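give me the fold of what follows.
(2 chains)
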Protein chains: 2
Amino acid sequence: MSSKIVDGLEPPYYVVTFTTLISKDAGDDYHAMAERMVDLAKTMPGYLGVESARDGGLGITLSYWQTEADIKHWKMEAEHTEARHKGREKWYDAYNLKVAKVERCYAFKKS
Amino acid sequence: MSSKIVDGLEPPYYVVTFTTLISKDAGDDYHAMAERMVDLAKTMPGYLGVESARDGGLGITLSYWQTEADIKHWKMEAEHTEARHKGREKWYDAYNLKVAKVERCYAFKKS
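Just a heads-up that it's a prediction; the model follows:
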């Protein structure tokens, strides 16, 4: 997964916040899927970046997109659709996905 | 920090995404500040919840607010303002803060 801050984007654009609790049974196939979905998202139109962190059971993934239409397109992508179904069956105890329009942004970098 | 999914909010509302890289020198005082800021945020008008995860150096904190005015009010809160200054001096190598309006939300919970 990515461990970099996504920087330099100019509002307006969209963020998808994906907050997850993974099940105790989620194993290597979950991690392989998560990495595959990041690689696949990068190939989609309107993709601007991804940030991800997991702390014990709670995971937060932020993905950035140019337009709402790009997010809907990504949602319907075939392999992603299959992963979403498997996620509900096997990997996730719970999740919450929010689509939000970024209005302002502040960046800091130590000089 | 919170390890629960924030659920049951009705759009529209706001999310502040706060993505951080902490410096290698950030010690116990950083963690004490982070916990204090969560406790303080909970007392502010319009606060709806917080989610947080850190994976090695990269941290993601999502805080939810009813209105943009609530976010500005929280930004100007005195103790929070001091923590923000210290954060730039001592704790963070870099951060990116985005203010976004939540338009849609999907929840899943295993039955």
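
mind listing the helices for chain A?
A:28-41, A:68-76, A:78-86 (DSSP state H).

buried residues in the last one?
For helix A:78-86, the buried set under the neighbour-count rule, 16 or more other Cβ atoms under 10 Å in any protein chain shown, comprises A:80, A:83-84. (C-beta placed from N, C-alpha, C; glycine too.)

just the longest one next, same as before
Residues of helix A:28-41 classed as buried: A:30, A:33-34, A:37-38, A:41 (neighbour count, 16+ other Cβ under 10 Å).

what's the span of stretch A:22-35, first residue to last?
End-to-end distance of stretch A:22-35 (Cα to Cα, to the nearest Å): 15 Å.

neighbours around residue A:8, how many?
10 (other Cβ atoms under 10 Å in any protein chain shown).

and the closest residue to it other than its chain neighbours, how far is that from residue B:72?
Distances taken as Cβ to Cβ, 6 or more residues apart in numbering or on different chains place residue A:107 nearest to residue A:8, at 7.8 Å, with adjacent residues excluded. According to Cβ to Cβ, to the nearest Å, residue A:107 and residue B:72 sit 18 Å apart.

swap in residue A:92?
Remark: distance between residue A:92 and residue B:72 (Cβ to Cβ) = 35 Å.

tell me which of those two has more neighbours.
residue A:92 (20 against 11).

what bridges to the spatially closest residue to the more buried one that is not a sequence neighbour?
Excluding the flanking residues, the one nearest residue A:92 by Cβ to Cβ, 6+ apart is residue A:20, at 5.6 Å. Going by DSSP bridges, residue A:20 is paired in beta bridges with residue A:59, residue A:95.

can I get the helices of chain A in CSV with distance to residue A:103 and mean pLDDT?
What follows is the helices of chain A, written out as CSV (distance: least, Cβ to Cβ, whole Å; pLDDT from 0 to 100):
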stretch, distance to residue A:103, mean pLDDT
helix A:28-41, 23, 93
helix A:68-76, 14, 96
helix A:78-86, 27, 94
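
quick one: which of those helices is nearest residue A:15?
Among these, helix A:68-76 comes nearest to residue A:15, with 9.6 Å by Cβ to Cβ.

buried residues in the closest one, which are they?
Those would be A:70-71, A:74, for helix A:68-76 by 16+ other Cβ under 10 Å.

can you tell me which of these is nearest chain B?
Minimum distance to chain B across those is 9.3 Å, recorded for residue A:71 (Cβ to the nearest Cβ).

cool, thanks, talk later.
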